[in-house]
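1. Give me coordinates for this.
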Amino acid sequence: MIGIVDYGMGNLFSVSKALERLGADYDISADEDRLLHADALILPGVGSFRDAMELLPEKTIKAFAATGKPLLGICLGMQLLFESSEENGLTKGLGLLPGKVHRFSGQTNEGVPYKVPHMGWNRLKFVKESPLLQNLEEDYVYFVHSYFVDANHSDVLLAKADYHEQVAAVVGRGNIFGMQFHPEKSSRLGMALLDNFLKLAAERKTVR
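-> Below you'll find the model as predicted:
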């Protein structure tokens, strides 16, 4: 059973439909007991970092992370895993991963403007081995975001993408993982990444 955290700011429909396509049972809930008893947890997110931190069940997510069961943040949900974001003023995050979230400047070092938010397909570059990336090949995934974790200063980096900055696209440490892009909208590679996350949950359940 995969728990999907419902705190009013997540892309719940698309994530749940992706899990259905992979044959996974899921439970969309805001209830602490139900979330803590899930075999793995997905923290989705669309919108403002500050608003999300005010709404999400912070203690429940941290308690789940402490169980050692797999936790995956998607898009804004990934950013919330980090220490802080500069969106709408500096805002404290969950602090489950080290690092800060920055806004795209909208201008290259040469002074050439570029579009923010970053919307579109970009190729992943794998930089570190991980069960989440096992048996996968680099391919394109779909991003929609104005803020990012700097890949050049992330010690939890698993894969990166280039959009005028080196963007941390997949991160992970221990049982905590994040994807800046939307895997549920990212065709073959996105679904394969979600499937590997489900396999991590199944393996963790087997050894308990």
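2. from here on, contacts and neighbour counts on C-alpha atoms
-> Fine.
3. pLDDT wise, what is residue 89 at?
-> Reported pLDDT at residue 89 in the predicted model: 87.
4. Please read the previous query as pertaining to residue 203.
-> 87.
5. Give me the buried positions along the helix or strand containing it.
-> With elements taken from DSSP states H and E, the one containing residue 203 is helix 187-207. When burial is assessed from 16 or more other Cα atoms under 10 Å, helix 187-207 yields the following buried residues: 189-198, 200-202, 204.
6. Over to stretch 171-179?
-> Across stretch 171-179, burial judged by 16+ other Cα under 10 Å covers 171, 172, 175, 176, 177, 178, 179.
7. May I ask which of the buried residues of helix 187-207 comes out lowest in pLDDT?
-> Among the buried residues of helix 187-207, residue 204 carries the lowest pLDDT, at 77.
8. what separates the closest residue to that one other than its chain neighbours from residue 29, distance-wise?
-> Nearest non-adjacent residue to residue 204, counting by Cα to Cα, 6 or more residues apart in numbering: residue 69, 6.7 Å away. Distance, residue 69 to residue 29, using Cα to Cα, to the nearest Å: 17 Å.
9. Likewise for residue 189?
-> Where residue 29 is concerned, residue 189 sits at a distance of 27 Å (Cα to Cα).
10. Residue 60 now?
-> Distance, residue 60 to residue 29, using Cα to Cα: 12 Å.
11. higher neighbour count, these two?
-> The neighbour comparison of residue 60 against residue 29 (other Cα atoms under 10 Å) goes to residue 60, with 17 against 14.
12. Need the residues that contact the helix or strand harbouring the more buried one.
-> Using DSSP H and E, residue 60 maps to helix 58-66. Under the contact criterion Cα atoms under 8 Å, 6 or more residues apart in numbering, helix 58-66 has outside partners 32, 35, 36, 41, 71, 94, 96, 175, 176.
13. Which ones among these map onto helices?
-> Here DSSP state H is the test, and the contacts of helix 58-66 give 32, 35, 36 as lying in helices.
14. neighbour-wise, which of those residues leads?
-> Highest neighbour count within the ones in helices among the contacts of helix 58-66: residue 35, with 25 neighbours (other Cα under 10 Å).
15. starting at the chain centroid, how far to the lengthiest strand in the chain?
-> If you go by DSSP state E, the chain has its longest strand at strand 166-173. From the chain centre to the centre of strand 166-173 is a distance of 9 Å (Cα atoms, centre = their mean, to the nearest Å).
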